[in-house]
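Asks: this one's sequence-less:
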């Protein structure tokens, strides 16, 4: 009996162990099914189009609206300087007085010679009239009449000569008073009283500059100019053709100039050394805050993009070749990779030229947790893309445009 019971108990023990193992495996599989990880959560932003004004920020330099170098037109000794250095002068104001004595004497001499010539002309004119009557009566010869007629014409020429000489002497006498050719602020004087100056000398006596209004000259590369023209022709950028462009100005300390200027013209030739054309703008300068030669940054309006797409910069990454790309979530909540063409940086956002369409959901948070083809749980962000000042600086443009 004992030998029969032992195999039975062994068989029962083995069956019990197998059942326990099976139950344990089922429990483990159930736990594995319950512990399967949920899809990763990401934050997405819906792409929208908006209208925005595009501007570019370019370096520039101010220059005076009018510049006049004051030079003497006669030679002589400066007797007086009649202005205060650095002051505002008016057009026609006397700046220097050159010794007028020799020019006054020359003028008086010319006038005296003119009076003598006029008296001689009157006497010869009377003689010519008498000879004309005597010639008709045969009292004088034709030769005598021709001689007096020639003398009369010579007297007329001499009067004309001395009239011109007297006028020239009067003009030179007036040039002894050196007047301001334009209104503006005059700089320092390069000549002192008692200095000898010569007519039309190379060195100016002083320089007058008018800087209300004031010019701002801005160079623009021909590459940017051609790109801008193509965008306007293609219709992706619209310009206001009803008036001149308004331009803002950023000063050297980073502050914005309170008054706006207008675009005057674009130069018709390209500087071969820099490959740029010059844009000239005019700014009012009533407080004379802008001085000639200052470096500034001009914010030039390019036009209006009526279908602009802006996305945060953290939503854009690059492949090993440096091509910009973004991850979007399709209608099935699957991550897709999308290559982009970037126009420029706008604040902390990218302006997208191509690669995205309205209603696309782009991942802005959680990009590191996902890869293309993965199913995700997307949460829409409440943050909407802002429309900041769309100023594009040359430094940003060089690195951001694709």
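Replies: Structure's in. What do you need? Being a predicted model, the structure only gives us computed values, none of them experimental.
Asks: C-alpha from now on. contacts and neighbour counts both.
Replies: Fine.
Asks: just the mean pLDDT for the longest helix anywhere in the chain, thanks.
Replies: In the chain, taking DSSP state H as the definition, the longest helix is helix 101-137. Helix 101-137 shows a mean pLDDT of 87.
Asks: same question for stretch 247-266.
Replies: In this model, stretch 247-266 has an average pLDDT of 90.
Asks: quick check: end-to-end length of it?
Replies: End-to-end distance for stretch 247-266: 14 Å, by C-alpha to C-alpha, to the nearest Å.
Asks: can you mark which positions in it are buried?
Replies: Buried residues in stretch 247-266, counting neighbours by 16 or more other C-alpha atoms under 10 Å, are found at 247-250, 257, 261-263.
Asks: now these in JSON lines, please, with extra columns for secondary structure and distance to residue 295.
Replies: Formatted as JSON lines, the buried residues of stretch 247-266 follow (DSSP: H, G, I helix; E, B strand; the rest coil; distance: C-alpha to C-alpha, whole Å):
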{"residue": "247", "secondary structure": "strand", "distance to residue 295": "15"}
{"residue": "248", "secondary structure": "strand", "distance to residue 295": "14"}
{"residue": "249", "secondary structure": "strand", "distance to residue 295": "10"}
{"residue": "250", "secondary structure": "strand", "distance to residue 295": "9"}
{"residue": "257", "secondary structure": "coil", "distance to residue 295": "13"}
{"residue": "261", "secondary structure": "strand", "distance to residue 295": "16"}
{"residue": "262", "secondary structure": "strand", "distance to residue 295": "18"}
{"residue": "263", "secondary structure": "strand", "distance to residue 295": "18"}
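Asks: that older thread, how far out from the middle of the chain is the longest helix of the chain?
Replies: Its chain's average C-alpha position is 65 Å from that of helix 101-137, according to C-alpha atoms, centre = their mean, to the nearest Å.
Asks: can you start the count at 98 instead of 1 from here on
Replies: Shifting the count to begin at 98 puts that one at helix 198-234.
Asks: show me what that helix is packed against.
Replies: helix 239-272 (3 or more C-alpha pairs under 8 Å, 6 or more residues apart in numbering; DSSP states H and E).
Asks: what's the angle from the helix it packs on to helix 198-234?
Replies: 160 degrees (axes from the mean of the first three to the mean of the last three C-alpha atoms, to 10 degrees).
Asks: what residues of helix 239-272 count as buried?
Replies: 242, 245-246, 248-249, 252-253, 255-256, 258-260, 262-263, 266-267, 269-272.
Asks: what lies in contact with whichever helix or strand comes after that helix?
Replies: Sequence-wise, the next helix or strand downstream of helix 239-272 (DSSP states H and E) is strand 274-276. Applying C-alpha atoms under 8 Å, 6 or more residues apart in numbering, the contact partners of strand 274-276 are 167-169, 188-195.
Asks: repeat that with 6 Å
Replies: 189-194 (C-alpha atoms under 6 Å, 6 or more residues apart in numbering).
Asks: where does this structure dip in pLDDT?
Replies: Scanning the chain with the threshold set as pLDDT under 70 gives 98-133, 329, 331-341, 480-499.
Asks: tell me, what residue is most central in it?
Replies: The centroid of the chain falls nearest to residue 315 when counting by C-alpha atoms, centre = their mean (3.2 Å).
Asks: gap between it and residue 342?
Replies: Taken as C-alpha to C-alpha, the span from residue 315 to residue 342 is 14 Å.
Asks: what about residue 370, how many residues nearby?
Replies: 6 (other C-alpha atoms under 10 Å).
Asks: just the helices in the stretch 298-447 of the chain please.
Replies: 319-331 (DSSP state H, counting those that start in this stretch).
Asks: walk me through the domains of the chain.
Replies: 138-150+403-497, 153-161+308-402, 169-196+274-300, 198-272 (automatic domain parsing).
Asks: sorry, back to before: identify the residues contacting the residue nearest to the centre of the chain.
Replies: Per C-alpha under 6 Å, 6+ apart, neighbours of residue 315: 157, 375-376.
Asks: same question for residue 300.
Replies: Contact analysis of residue 300 by C-alpha under 6 Å, 6+ apart lists nothing.
Asks: ramachandran coordinates for it?
Replies: phi -80, psi 130 (degrees, to the nearest 10).
Asks: how close does it sit to residue 290?
Replies: 16 Å.
Asks: what does residue 188 give?
Replies: Taken as C-alpha to C-alpha, the span from residue 188 to residue 290 is 22 Å.
Asks: ok, residue 411 next?
Replies: Taking C-alpha to C-alpha, one finds residue 411 at 70 Å from residue 290.
Asks: what are the pairing partners of the longest strand seen in the chain, and which direction each?
Replies: The residue-count maximum for a strand in the chain (DSSP state E) belongs to strand 147-167. Looking at strand 147-167 with DSSP bridges, its partner strands are strand 303-318 (antiparallel), strand 392-409 (antiparallel), strand 488-489 (parallel).
Asks: how about it: buried residues?
Replies: 149-165, 167.
Asks: now swap in stretch 376-396 and tell me
Replies: Here stretch 376-396 shows 376-382, 387-389, 392-396 as buried, counting by 16+ other C-alpha under 10 Å.
Asks: roughly how far does the residue nearest to the centre of the chain sit from residue 364?
Replies: Distance, residue 315 to residue 364, using C-alpha to C-alpha: 10 Å.
Asks: what sits in contact with each of the two?
Replies: Common contact partners of residue 315 and residue 364 (C-alpha under 6 Å, 6+ apart): residue 375.
Asks: what is the burial count for residue 184?
Replies: Using other C-alpha under 10 Å: residue 184 sits among 12 other residues.
Asks: how long is stretch 459-471 from one end to the other?
Replies: Note: stretch 459-471 ends 14 Å apart using C-alpha to C-alpha.
Asks: for it, give me every contacting residue.
Replies: 139-142, 412, 424-425, 431-434.
Asks: you'd agree residue 297 is up against residue 172?
Replies: No - under the criterion of C-alpha atoms under 6 Å, residue 297 makes no contact with residue 172, lying 8.6 Å away.
Asks: tell me which of those two has more neighbours.
Replies: Remark: of residue 297 and residue 172, residue 172 carries more neighbours, 17 against 13, as counted by other C-alpha under 10 Å.
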